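S.K.: pasting the sequence and the predicted coordinates here, then a few questions.
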Amino acid sequence: MSYLEFGAIPLQVNPDLQEERDQASFHVTELTHIIDGGAEKTQLRKRLEKLIYSDPDFRRFPDVRTFGTKSEFYGASVLKSIKLFQLRKEHQWTDEESDIVHSLVDHGHALGLHHAMFIPALERLATDEQKAKWLTIAKQYKILGTYAQTELGHGTYLQGLETTATYDPGTQEFILNTPTISAMKWWPGSLGKSSNYAIVLATLITRGKRHGMHPFVVQLRSLEDHQPLPGIKVGEIGAKMGTLSTDNGYLILNNIRILRENMLMKNAQVSPDGTFTASAPNQANYATMVLLRVRISEFAYTNISKAVTIGIRYSAVRRQSKLDPEEKEAKILEYQTQQYKLFPGLALAYAILFSTKLLKKKYREAQTEIMKGNLQSLPELHCETSGSKAFCTEHMLKEVEIIRQSCGGHGYLAASGIGMMTSSSAPLVTVEGENTVMYLQVARYLLKRFSNAKSGEQIEGCTSYLSMNHAPYLCPFLSEKDCRNLSSLCDVYRYRAFIVISRVVRTVQTDIKDGLPQHDAFNKNLVHLVRAARAHCYFNVVKDFAEAVKELDASIQICTVLISLCCFFAVHGIVENSGDFLQTQTIGVEQLKWLKNLQTSLLAEIRPNAVALVDAFDYHDITLTSALGSYDGNAYERLYQSTEKDSMNSQEVHSSYHTYLKPFIQEMNKAKL
Ligand SMILES: CCCCCCCC/C=C\C/C=C/C(=O)SCCNC(=O)CCNC(=O)[C@H](O)C(C)(C)COP(=O)(O)OP(=O)(O)OC[C@H]1O[C@@H](n2cnc3c(N)ncnc32)[C@H](O)[C@@H]1OP(=O)(O)O
Ligand SMILES: Cc1cc2nc3c(=O)[nH]c(=O)nc-3n(C[C@H](O)[C@H](O)[C@H](O)COP(=O)(O)OP(=O)(O)OC[C@H]3O[C@@H](n4cnc5c(N)ncnc54)[C@H](O)[C@@H]3O)c2cc1C
């Protein structure tokens, strides 16, 4: 066989993968339509896919990503941003269309924060008059902006932000300053080299009084030559583990004067004479973060669904060792342990998909009210978005890494597409509210709602179960078969959450009664509080998944397979956290035995549809950029083909040979002689 024949990609689908597709019990397209939200949405996505991928600059990304330098990668990413902006303008994309496009192109493009945060911040924090000024030019790309909140010294604790915006009534300007090294802005995406504007979050000082964190529109760079304006020092913070396309930046402000009107004044106002008035609680200024927490939850779906597509397709074409000594080597997907690595990620992808669809709906409804000035739903929304962001990203990151390991050695190759996914997924547990901190916000809300419920209030929303009549719980599972009941599984999660929450409330209360100040009583129980928040979030995701499956308007075949998957998601979660479930007596030892058996039975049940379930995500090969996970399953040919793109292979003999190796080899051979 010639060299070329080795590398050529066969025209047909790998027969091992075809075999998987042939045995699917349902129509993949029907499920794709459900995932996309309807047949017309699938058509829309495909139309956008065609448009984007017809441009070679989007197609050549895998090469740059795999083999370029940081600077080359960033440069190519700026080009990609500009092309996306031009296309958005030309085709007048809606936000929905734009979101679809962002999930298609390699995420995190250089100017991504302009649409992800700068524009949403203007929409949420500016008055109508300010919107007419700033939003209009931002949408026309006359200015390119970012969201500069985090500082070197503080990311989580926003009340600790040190950047100041001091009002000068004499000139009716704010003077922005970075008073200490820890006050410099540090981390904002698109800040280092790309943006010429930023919404800077700073502590407002007027008439000698500090009024907490507020948003200010600040020009950073000249619109003529992109040089930083006088008094502004801005740059890139340095190499990161991944996300090479984004120029995360630092920013130092030295007596920067901006007009009074540059303070975004929807929620609080400073009048010309310096009088401060607040028309909403300070937390209303956190609105951009709340939106991003929804989007990051959705992004967790994108990452886990891509990863598991790669893992399952590859496991269907990779053969290693013999199951039956008389047969040929088995597909690694046949091994129960391999299914145990992959199917939790598969079930998680569907769980996050359905749960975030619901979250998005709730977000839209709440946001409509908030924009009208009704902030009643804000605490509940904060709890739901914080919890979803923490739960989805925590579980996604864990499963993506397990799936990477499931690909063996090849999973460690950049060409697999999955290693990069691990490093680009990693920051999602930190950005937009570090996960532990987000769980603690959920816990804080749970404690409040718990005591409301205790005092007889009828609780609505995601914590409504706290006001249920909680007679001692008796697990209804009397056999393995009973454990399949989705409604009973939801009950098990609900009671676990209730008991974990009530126990931590009792402990905190006892500690306070015993004389500990409230903050010490909290800190003494922080781990348990996070555990309570996790239990609450897990319950909500299981419930959302189960309800979505129950209400699905789909064929019996699809319902059957999704019920198995949902059941597996719930059962797996109980088995993985069995200590907690046993300790809260929501299950007993006997029931745990049945649940463990059911867990492995479900692996076998899901197995025949595994490839179809990932095919239904319908990722284009360019979106996946994976030699292991392409639709045709020709993994080895694609891996070998990818070596051609490696610059190390552009010369037969590398230049280092002449500089170092040749003299060394010659020296060694001389010595031998
Ligand atoms: C295909 C598209 C994909 C898109 C993906 C994009 C990827 C982009 C990648 C990266 C972008 C990253 C951007 C960023 O990271 S921006 C910076 C994000 N920073 C944070 O998230 C900071 C986290 N910290 C906080 O949110 C807060 O400081 C806090 C919640 C930890 C504490 O709040 P604070 O007011 O300082 O103190 P309290 O704890 O005392 O809270 C008072 C009170 O307010 C309630 N509360 C807090 N936050 C909110 C909120 N957002 N909404 C409503 N209410 C809120 C809090 O619960 C307290 O309530 P109380 O108990 O009733 O008093
Ligand atoms: C890739 C990336 C992109 C980013 N993009 C932006 C951006 O565009 N704009 C922007 O403004 N920021 C951005 N950030 C910053 C990001 O929002 C912060 O890093 C994040 O909010 C976490 O804050 P921190 O770094 O201060 O972590 P810290 O708060 O210092 O966390 C460190 C540890 O302390 C713990 N901890 C902190 N406070 C508490 C507490 N109260 N209780 C218990 N434990 C606590 C945490 O759990 C964690 O384990 C970005 C960060 C990254 C990594």
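M.R.: Now that the structure is in, tell me what you want to look at. Residues are numbered from 1 along each chain as shown. Ligands and ions are numbered 1, 2, ... in the order given.
S.K.: okay, CA-based contacts and neighbour counts for the rest of this
M.R.: Fine.
S.K.: what does stretch 22-33 contact?
M.R.: Residues from elsewhere that reach stretch 22-33 (CA atoms under 8 Å, 6 or more residues apart in numbering): 39, 41-42, 554, 557-558, 608-609, 611-613, 615-618.
S.K.: 7 Å instead, please
M.R.: 39, 42, 557-558, 608-609, 612, 615-618 (CA atoms under 7 Å, 6 or more residues apart in numbering).
S.K.: chain center to it, what's the gap?
M.R.: 27 Å (CA atoms, centre = their mean, to the nearest Å).
S.K.: buried sites along that stretch?
M.R.: 24, 26, 28-29, 31-33 (16 or more other CA atoms under 10 Å).
S.K.: coming back round to it: of the contacts of stretch 22-33, grab the buried ones for PyMOL.
M.R.: Entered in PyMOL, the line below selects the buried ones among the contacts of stretch 22-33, by 16+ other CA under 10 Å:
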select buried, resi 39+42+558+608+609+612+615+616+617+618
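S.K.: near ligand 1, which of the contacts of stretch 22-33 show up?
M.R.: Among the contacts of stretch 22-33, no residue sits close to ligand 1 (CA under 6 Å from any ligand atom).
S.K.: in helices only, show me the contacts of stretch 22-33.
M.R.: 39, 42, 557-558, 612, 615 (DSSP state H).
S.K.: related to what we said a few turns ago, which one of the contacts of stretch 22-33 is nearest T463?
M.R.: Each of those was checked against T463 using CA to CA; the closest is I558, at 30.7 Å.
S.K.: residues contacting the closest one?
M.R.: Residues near I558 by CA under 7 Å, 6+ apart: F26.
S.K.: distance of it from ligand 1?
M.R.: 27 Å (CA to the nearest ligand atom, to the nearest Å).
S.K.: tell me the predicted confidence for that residue.
M.R.: The score at I558 is 98. That number is its pLDDT.
S.K.: hmm, back to that, take the contacts of stretch 22-33 and write them to TSV, including distance to ligand 2.
M.R.: Conversion of the contacts of stretch 22-33 to TSV gives the following (distance: CA to the nearest ligand atom, whole Å):
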residue	distance to ligand 2
A39	35
T42	31
Q557	41
I558	38
P608	38
N609	36
A612	33
D615	30
A616	30
F617	26
D618	28
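S.K.: now the ones in helices among the contacts of stretch 22-33 in TSV, with distance to S455?
M.R.: Shown next, in TSV, are the ones in helices among the contacts of stretch 22-33 (distance: CA to CA, whole Å):
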residue	distance to S455
A39	48
T42	49
Q557	47
I558	44
A612	50
D615	50
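S.K.: now for these, which pair is the farthest apart?
M.R.: Maximum distance among the ones in helices among the contacts of stretch 22-33 (CA to CA): 20.3 Å, for T42 and Q557.
S.K.: element containing H395?
M.R.: Under the criterion of DSSP states H and E, H395 resides in helix 378-406.
S.K.: tell me how far that helix lies from the chain's centre.
M.R.: 7 Å.
S.K.: for stretch 587-600, same thing?
M.R.: Centroid separation for stretch 587-600 versus its chain: 32 Å, with CA atoms, centre = their mean.
S.K.: alpha carbons only: can I get that stretch in PDB?
M.R.: This file holds the C-alpha atoms of stretch 587-600, laid out as PDB (Å, rounded to 0.1, in the frame of the first residue of the first chain):
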ATOM      1  CA  ILE A 587     -32.900   5.300  50.200                       C
ATOM      2  CA  GLY A 588     -31.800   2.200  52.200                       C
ATOM      3  CA  VAL A 589     -29.000  -0.300  51.600                       C
ATOM      4  CA  GLU A 590     -31.300  -2.700  49.800                       C
ATOM      5  CA  GLN A 591     -32.600   0.000  47.500                       C
ATOM      6  CA  LEU A 592     -29.000   1.100  46.800                       C
ATOM      7  CA  LYS A 593     -28.300  -2.500  45.600                       C
ATOM      8  CA  TRP A 594     -31.200  -2.400  43.200                       C
ATOM      9  CA  LEU A 595     -30.300   1.100  42.000                       C
ATOM     10  CA  LYS A 596     -26.700  -0.100  41.300                       C
ATOM     11  CA  ASN A 597     -28.100  -3.100  39.300                       C
ATOM     12  CA  LEU A 598     -30.400  -0.800  37.400                       C
ATOM     13  CA  GLN A 599     -27.600   1.600  36.700                       C
ATOM     14  CA  THR A 600     -25.700  -1.200  34.800                       C
END
